[in-house]
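1. here is my input; please provide its structure:
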Amino acid sequence: MVSSQSQSIKLGTEIPTQYALGYEDRFHEGFAVHGQIGFLFYPYDKMMLSLFEGYGADRNMVAVLEANFETGMIIEFGANYFFSKQTRKNYVGPFCQWVNLFKSNIPDYVINDAFDVDLNTYPIGPIPKSMSDEPLTLSSHFLQVGLLVGRRFSFYKKPDIELHVELALSKNVYSNSVLASDYRYLGGLIDDVNITLKDFYKKYALIPSLNIYFIYKLNYQKF
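-> Numbering: from 1, shown residues only. Modelled structure (predicted):
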């Protein structure tokens, strides 16, 4: 008889992407669905950029994302199939992640170097530079889909608590990035940045992760 749980709270981390809090509904001994919210910040911001560079990404393009990757929010949904009927300790499943990188300020020279432009030549408006609150900002959103494999570990005399350890791999399938300035008209540069970053994410956002979660079972049941 395998002991399990129909509803759980999960708290943990996915290295190198996020710290997360989630909810899992194990509606059958062999199946579960989950949803969670996570946050990207130090040191995972640096680890993600190092991963891109390790794949061979251009340093100037990585510099564009450095400020953008300081903080972000990740929404994730997935499903797991628990195999090995004797114990149901091992599982595999698909997942998707919507990643929202918070708007951040970027120095002019970073865009100049990455896109071979001179922002000083762009027309001024609609407000004077002296009144600018956001002289140059970038926000990015992208969608990852992936697959994970994991194993459940139980605690002695604590059937309502488990440790889940997973290996995952996700691939980028969509992204949108917005370069903006509140005192300059950037014109076609906005589209150029978005198209270039779309290609960047598709090429380099192949993200492996080691996931470690503590699971607290809200209404422990035996299947």
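
2. tell me where the longest helix sits in the protein.
-> helix 189-204 (DSSP state H).

3. can you mark which positions in it are buried?
-> Neighbour counts using 16 or more other CB atoms under 10 Å place 189, 193, 196-198, 200-201, 204 of helix 189-204 among the buried residues. For every residue, glycine as well, the C-beta is placed using N, CA and C.

4. ok, then the element right after that helix?
-> strand 206-217 (DSSP states H and E).

5. which strand of this structure spans the most residues?
-> When the chain is parsed with DSSP state E, its longest strand is strand 158-180.

6. tilt between it and helix 189-204?
-> 140 degrees (axes from the mean of the first three to the mean of the last three CA atoms, to 10 degrees).

7. give me the sheet partners of strand 158-180 and which way each runs.
-> Applying DSSP bridges, strand 158-180 is found paired with strand 137-155 (antiparallel), strand 206-217 (antiparallel).

8. if we can go back for a sec, now the longest helix of the chain: how far from the chain's centre is it?
-> 17 Å (CA atoms, centre = their mean, to the nearest Å).

9. which residues touch that helix?
-> With CB atoms under 8 Å, 6 or more residues apart in numbering as the contact definition, helix 189-204 has outside contacts at 51-52, 55-57, 61, 64-65, 111, 114-115, 117, 122, 138, 140, 142, 172, 175-180.

10. how near is Ala67 to Leu136?
-> 10 Å (CB to CB, to the nearest Å).

11. shared neighbours of these two, which are they?
-> Common neighbours of Ala67 and Leu136 (CB under 8 Å, 6+ apart) are 105-106.

12. related to what we said a few turns ago, any of the contacts of helix 189-204 buried? List them.
-> Buried members of the contacts of helix 189-204, counted by 16+ other CB under 10 Å: 51-52, 57, 61, 64-65, 111, 114-115, 117, 122, 138, 140, 142, 172, 175, 177, 179.

13. ok, back up a step: between the strands paired with strand 158-180, which one is closest to Trp98.
-> strand 137-155 (5.7 Å; CB to CB).

14. what is the mean pLDDT for the closest one?
-> Throughout strand 137-155, pLDDT has a mean value of 95.
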